[in-house]
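Asks: Structure, please.
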Amino acid sequence: MLNRLARQVRPDDQSLVEKNPFRLLQQLPPNFAGEMPMRDVYRVAPGSWMFDPDCPCVGYRLQYPEWLEPAQEVSAIWFRIGNAGGSPSMTPLAEYRWLGMRLK
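Replies: Model (predicted):
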């Protein structure tokens with residue numbers, strides 16, 4: 001998702017930080033569930049993306065939660081939207097491991 005976004009926007013645009021990156025896409029992905037607080041992640045189908053504007057964070061409800069370490073209560077992973085070296089970035093909120101590989 002971040003790679004797709006980076007191809008469509010100027011990376012030095014500071015107004016992007018803390019905003020919903022999905023709104024910057026020309027077309028929303030069909031599995032974007034919308035904006036909602038983290039506590040409501042259980043309401044979306046597995047395989048869905050969401051954005052929590054209060055965090056500001058992008059979340060993904062896992063289709064295969066058994067492959068994630070550490071196990072998450074609601075089988076979702078979250079990334080904080082920020083700025084790293086002048087470019088939009090997403091930083092994991094926990095040290096997630098997917099099939100043994102650390103997500104960065």
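
Asks: For the chain, which segments are assigned as strands?
Replies: For the chain, the strands defined by DSSP state E occupy 32-35, 49-52, 57-61, 68-69, 76-84, 87-92, 97-98, 101-102.

Asks: right, and those strands - which one's nearest Gln26?
Replies: Closest to Gln26 of the strands of the chain, according to CB to CB: strand 32-35, at 13.0 Å. Quick note: C-beta positions are derived from backbone N, CA and C, even for glycine.

Asks: If you count contacts, what does that closest one end up packed against?
Replies: Packing partners of strand 32-35 (3 or more CB pairs under 8 Å, 6 or more residues apart in numbering; DSSP states H and E): strand 49-52.

Asks: pLDDT at Lys104, what is it?
Replies: For Lys104, the pLDDT comes out at 81.

Asks: And for it, nearest residue in space, chain neighbours not counted?
Replies: Spatial nearest neighbour of Lys104, excluding adjacent residues (CB to CB, 6 or more residues apart in numbering): Pro92 at 7.1 Å.

Asks: re the thing from before, in JSON lines: the strands of the chain, plus distance to Leu25 and mean neighbour count.
Replies: Compiled in JSON lines, the strands of the chain are given as follows (distance: least, CB to CB, whole Å; neighbours: other CB atoms under 10 Å):
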{"stretch": "strand 32-35", "distance to Leu25": "9", "mean neighbour count": "16"}
{"stretch": "strand 49-52", "distance to Leu25": "11", "mean neighbour count": "21"}
{"stretch": "strand 57-61", "distance to Leu25": "12", "mean neighbour count": "22"}
{"stretch": "strand 68-69", "distance to Leu25": "25", "mean neighbour count": "16"}
{"stretch": "strand 76-84", "distance to Leu25": "14", "mean neighbour count": "17"}
{"stretch": "strand 87-92", "distance to Leu25": "13", "mean neighbour count": "17"}
{"stretch": "strand 97-98", "distance to Leu25": "23", "mean neighbour count": "13"}
{"stretch": "strand 101-102", "distance to Leu25": "26", "mean neighbour count": "10"}
